[in-house]
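Novice: just a sequence and a predicted model for now, questions to come.
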2 protein chains.
Amino acid sequence: MTAESAAARVPVDDGLIAILRQIVGEERVSTAAAVREQHGRDESYHAPVAPDAVVFAHSTEEVAAVVAACAERRVPIVPFGTGTSLEGGVAALSGGVCIDLSGMNQVLRVSSEDLDCTVQAGVTRKQLNEHLRDTGLFFPIDPGADASLGGMAATRASGTNAVRYGTMRENVLGLTVVLADGRVIRTGTRARKSSAGYDLTRLFVGSEGTLGIITEVTLRLHGIPEAVSAAVAAFPTIEDAVNTVILTIQSGVPVARIELLDDVQMDAVNRFSKLDYVVAPTLFFEFHGTERGVVEQAEQVEAIAKEFGASDFRWATRQEERSRLWQARHDGYYAALALRPGAKGMPTDVCVPISRLAECITETKKDIEESGVLAPIVGHVGDGNFHLVYVLDPENEEEVARAGALHERMVMRALAMGGTCTGEHGIGYGKMHFLEAEHGEGVSVMRQIKLALDPSNLMNPGKVVRV
Amino acid sequence: MTAESAAARVPVDDGLIAILRQIVGEERVSTAAAVREQHGRDESYHAPVAPDAVVFAHSTEEVAAVVAACAERRVPIVPFGTGTSLEGGVAALSGGVCIDLSGMNQVLRVSSEDLDCTVQAGVTRKQLNEHLRDTGLFFPIDPGADASLGGMAATRASGTNAVRYGTMRENVLGLTVVLADGRVIRTGTRARKSSAGYDLTRLFVGSEGTLGIITEVTLRLHGIPEAVSAAVAAFPTIEDAVNTVILTIQSGVPVARIELLDDVQMDAVNRFSKLDYVVAPTLFFEFHGTERGVVEQAEQVEAIAKEFGASDFRWATRQEERSRLWQARHDGYYAALALRPGAKGMPTDVCVPISRLAECITETKKDIEESGVLAPIVGHVGDGNFHLVYVLDPENEEEVARAGALHERMVMRALAMGGTCTGEHGIGYGKMHFLEAEHGEGVSVMRQIKLALDPSNLMNPGKVVRV
């Protein structure tokens, strides 16, 4: 907790609790320690901070009333979806009221003609895809966790198939947002494109609850492809793998996923899943299209991969074979943790122009090897985005400090290469100093916007932008 | 000119002119009437308003110095690219200084590995594509006019192939922006995706010069497709044509362009270009992909079109044949004007969810027919976006008023259908009342942002948001 945010703390008193209970009912306001603690913790390594109370909201109107009641008393508000953020986004750094949106779990509308839908913020991506099962449509964005769509919008999430389908930035058409004073706005429309005024949708996507609370999301959907094929190939070096990716994209192959696992990660996966992959930099591909199209794509990529020395190129179109090929990728995180029983994972991500990706990964790996820290690498390399998981003994302060220093060097390297300090995890309170290094004077513009929309700094305070 | 904007008017005096001349040199500041008049006029039907002076800037530093000098004296600033806006965007409603960016015409960087480039704001889209000629890359967005890329970013332009490649919203990676007080920021990075802080890039894209002046643009590029095919088909009704589009998109055919011309427009084109198309609702398609892929796409669409009664389905892959097929579409605007010699065009656009598109066009056509006004329709129907050109005698006040009333009904109909008052032309000062109808309380949030970044309302005042 920073001194700054602590200074803003206004306690939640019995009067406010009584009002909150009037708004949502007795049973949907909790001050129980276990409930509060669970709501101050995400999946990151950052210290959790419990809110003073948790409200379980069921409608936009309830959220608006809760926000208005808190705003009147200058009590901070932190939104909560599934608690799967990775940079401390849900930690109640200044205390206050957590609004849990998981009960807002209705799919409000699906239009198969328009390939769009509107959901309440608490609907998770798996729930949505289950709901869409018989429509021939799907929602492609897959950040790994079964996160809520409101939370995914708030952190501008993406994942493995952003290279084909985009991120939440491209797939959110509109939002319902409760502002800091309790007003409710609807941003965007159901039109596919618009030149009508400032792009408030994109302003709230990625704002991590610091400008308002997203309560409904209108999303683009995509047709389930007629056919899918998958391929795996090992490469002599990281450069060869990345050059394969670059040439694939330059050639216009509309690849749906391209994932890179480094040698350390492949070794982890072999051990964890009892597989026998070559322990070398390895690319995993997935292709979506027509029956003929996915075969053509796999053949095009095979030819490119072989130019760069790929061995062991395997591809498959049948579901079971594809699943077997991708097993190694899906097991990645748990396989990494299993390398060191009892250790904890400290995940992070950066994203760079793809022309610098091989160099960025190679230098980062050199750093890691020299330091003796264990840190497998997995990348959404079609976008230039890669992840590290530092596999650490959290009790070992020296080791944690060493990983922290490596992390700092990696992020600053990515920035120096024209990249960003986070491709998809967000800023939370873990990366605020990197945001300043990345955007300089731009952060002061973000601060002007924050103060214009939340002058008392009550919306998820202490995150993204220092006030 | 509104009373509100007139009230803000601060004259450009000799002292300021002298300072501007110090910044950019004697010969790049003009107060000549002809120069000023040219810079207050765009391609719309809205009344032009000349600025008091025009500065021809050659660098971001010059723009920053000019803005700072104007800001100190509370003199309004209007940016100017090619003057091809369609809602009065360049009219100097409160007088002040126009900054002409056409001299900022350098392509600063192209990366074929990253499929991106950085250009100065005055580079036009045709100039960029000419520059890219030998790289195998192209910049797809084509709003018709050879607009500057800074202007296209500022109005969130798109055009015929947005259905495949997106709009400026999706294709701008980052910007250099001079703020209202002369500070310079760089938004975004060269990374393909980022979760780092508020999306300032998307905030300035579409802000029409009201929040700052875009001086440099980093753009996504795309690989020139290996093959292109084109097709044309006539349909019994608008519904049949639109249903063909819906099913094409649902089927995941990655069509690059789908344009609809109504019967009135087809008749105009037949007359203008001496062609013999059936006078019926007609779709023009373009497909990008591999040799096999574009044939497959054309065949898929032919099958769908025939389900909806298409006659006269013609398709071609050879350049000359494709050009001949698309001739009718390219001649559209001039063909429309030629229907009535001496008349002027009053172009406008709306965008609706595609499920409502047939209904929206059909009702609009009924209105037009009942009113006796001439107004051919052309649509970027893959996005649900369509255009009207009212072909009018500008001296006939009654006719202009009738067209205005029709226009009002069309926009309100689009909004009622969940659409937007403009898919790609922007708000300028022609559609401000529609912006309020569309976004309601959201406009007050836009105003908060405007006031936070431009508290004295000096940046292109009187446009987009009323202050």
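Specialist: Perfect, thanks for sending it.

Novice: just the strands in the stretch 251-400 of chain A please.
Specialist: For the stretch 251-400 of chain A, strands defined by DSSP state E, counting those that start in this stretch occupy the ranges A:257-261, A:282-289, A:311-316, A:344-351, A:377-380, A:385-392.

Novice: could you check whether the fourth one is close to chain B?
Specialist: Yes: with Cβ under 8 Å from any Cβ of the partner chain as the criterion, chain B is reached by strand A:344-351 at residue A:351. Bear in mind the C-beta positions are built from the backbone N, C-alpha and C, glycine included.

Novice: how far off centre is that strand?
Specialist: For strand A:344-351, the separation from the chain centroid amounts to 11 Å (computed by Cα atoms, centre = their mean, to the nearest Å).

Novice: now the third one
Specialist: Between the centre of strand A:311-316 and the centre of its chain there are 30 Å (Cα atoms, centre = their mean).

Novice: how about the strands of the stretch 1-150 of chain A, start to end?
Specialist: So, for the stretch 1-150 of chain A - with DSSP E, counting those that start in this stretch - the strands run A:29-30, A:53-56, A:77-80, A:97-100, A:107-111, A:116-120, A:137-138.

Novice: nearest to chain B, of the ones you listed?
Specialist: Comparing these against chain B with Cβ to the nearest Cβ, the closest turns out to be strand A:107-111 (5.9 Å).

Novice: which strands or helices does the closest one pack on?
Specialist: With contacts taken as 3 or more Cβ pairs under 8 Å, 6 or more residues apart in numbering or on different chains; DSSP states H and E, strand A:107-111 sits against strand A:116-120, helix A:125-131.

Novice: most tightly surrounded among these?
Specialist: strand A:116-120 (a mean of 24; mean count of other Cβ atoms under 10 Å in any protein chain shown).

Novice: do it and chain B meet?
Specialist: Yes: on the criterion Cβ under 8 Å from any Cβ, strand A:116-120 is in touch with chain B at residue A:116.

Novice: can you tell me what sits against that strand?
Specialist: The contact list for strand A:116-120 (Cβ atoms under 8 Å, 6 or more residues apart in numbering or on different chains) reads A:101, A:104-111, A:128, A:132, A:139, A:149-150, A:173, A:190, A:215-221, B:353.

Novice: rerun that using 7 Å as the cut-off
Specialist: With contact meaning Cβ atoms under 7 Å, 6 or more residues apart in numbering or on different chains, strand A:116-120 is reached by A:104-111, A:128, A:149, A:173, A:190, A:215-221.

Novice: and the stretch 201-350 of chain A, which of its residues are near chain B?
Specialist: Within the stretch 201-350 of chain A, the positions adjacent to chain B are A:202-203, A:205-207, A:223, A:225-226, A:246, A:249-252, A:254, A:290, A:292-293, A:296 by Cβ under 7 Å from any Cβ of the partner chain.

Novice: run the last query once more with 8 Å
Specialist: Residues of the stretch 201-350 of chain A lying near chain B (Cβ under 8 Å from any Cβ): A:202-203, A:205-207, A:211, A:222-223, A:225-226, A:246, A:249-252, A:254, A:288-290, A:292-293, A:296, A:300.

Novice: only the buried subset of the residues you listed, as a ChimeraX command please.
Specialist: To isolate the buried members of those in ChimeraX, using 16 or more other Cβ atoms under 10 Å in any protein chain shown:
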select /A:202,203,205,206,207,211,222,223,225,246,249,250,251,252,254,288,289,290,293,296,300
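
Novice: mind checking the SS state of residue A:217?
Specialist: strand (DSSP: H, G, I helix; E, B strand; the rest coil).

Novice: I misspoke; the intended subject was residue A:195.
Specialist: Quick answer, by three-state DSSP: residue A:195 is coil.

Novice: taking the residues of the stretch 201-350 of chain A next to chain B one by one, which sit in helices?
Specialist: Assigned to helices by DSSP state H, the following of these qualify: A:202-203, A:246, A:249-250, A:292-293, A:296, A:300.

Novice: going by distance to chain B, which of those residues wins?
Specialist: Nearest to chain B among those, with distances taken as Cβ to the nearest Cβ, is residue A:202, at 3.5 Å.

Novice: excluding chain neighbours, what is closest to the spatially most central residue of chain A?
Specialist: In chain A, the centroid-proximal residue (Cα atoms, centre = their mean) is residue A:157; its distance is 3.6 Å. Using Cβ to Cβ, 6 or more residues apart in numbering or on different chains and skipping residues adjacent in sequence, the residue nearest residue A:157 is residue A:143, 4.3 Å away.

Novice: with residue A:150 instead?
Specialist: Closest residue to residue A:150 apart from its sequence neighbours, by Cβ to Cβ, 6+ apart: residue A:121 at 2.6 Å.

Novice: contact partners for that neighbour?
Specialist: By Cβ under 8 Å, 6+ apart, the neighbours of residue A:121 are A:81, A:101, A:104, A:148-151, A:153, A:213-217.

Novice: can you list which of those residues are found in helices?
Specialist: If you go by DSSP H, the contacts of residue A:121 have A:149-151, A:153 in helices.

Novice: can you list these in a markdown table and add pLDDT and neighbour count?
Specialist: As requested, the ones in helices among the contacts of residue A:121 are exported to a markdown table (pLDDT from 0 to 100; neighbours: other Cβ atoms under 10 Å in any protein chain shown):
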| residue | pLDDT | neighbour count |
| --- | --- | --- |
| A:149 | 98 | 29 |
| A:150 | 98 | 29 |
| A:151 | 98 | 33 |
| A:153 | 98 | 28 |
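
Novice: out of those, the closest to residue B:58 would be?
Specialist: Nearest to residue B:58 out of the ones in helices among the contacts of residue A:121 is residue A:153 (Cβ to Cβ; 41.0 Å).

Novice: tell me the most buried of the strands of the stretch 1-150 of chain A?
Specialist: Of these, the one with the most neighbours on average (mean count of other Cβ under 10 Å) is strand A:77-80, at a mean of 28.

Novice: pretty sure residue A:257 contacts residue A:382?
Specialist: Yes: assessed by Cβ atoms under 8 Å, residue A:257 is found in contact with residue A:382 at 7.4 Å.

Novice: overlap of the contact sets of these two?
Specialist: Common neighbours of residue A:257 and residue A:382 are listed as A:163-164 (criterion: Cβ under 8 Å, 6+ apart).

Novice: next secondary structure after the lengthiest helix in chain A?
Specialist: Using DSSP H to define each element, chain A has its longest helix at helix A:397-416. Using DSSP states H and E, the helix or strand that follows helix A:397-416 towards the C-terminus is helix A:432-439.

Novice: chain center to that following helix: distance?
Specialist: The chain centre lies 18 Å from the centre of helix A:432-439; the measure is Cα atoms, centre = their mean.

Novice: the following helix or strand past it to helix B:441-453, inter-axis angle?
Specialist: Counting by DSSP H and E, the next helix or strand C-terminal to helix A:432-439 is helix A:441-453. With axes from the mean of the first three to the mean of the last three Cα atoms, to 10 degrees defining the directions, helix A:441-453 sits at 130 degrees from helix B:441-453.

Novice: contacting residues around helix A:441-453?
Specialist: Here helix A:441-453 has contacts from A:179-180, A:203, A:210-212, A:435-436, A:439, A:457, A:464-467, B:179, B:183-187, B:197-198, B:200, B:203, B:445, B:448-449, B:451-453, using Cβ under 8 Å, 6+ apart.

Novice: the domain parsing of chain A - what is it?
Specialist: A:3-102, A:107-223, A:227-333, A:344-425 (automatic domain parsing).

Novice: which of those is buried the deepest?
Specialist: The most buried stretch of the domains of chain A, if neighbours are counted by mean count of other Cβ under 10 Å, is domain A:107-223, with a mean of 23.
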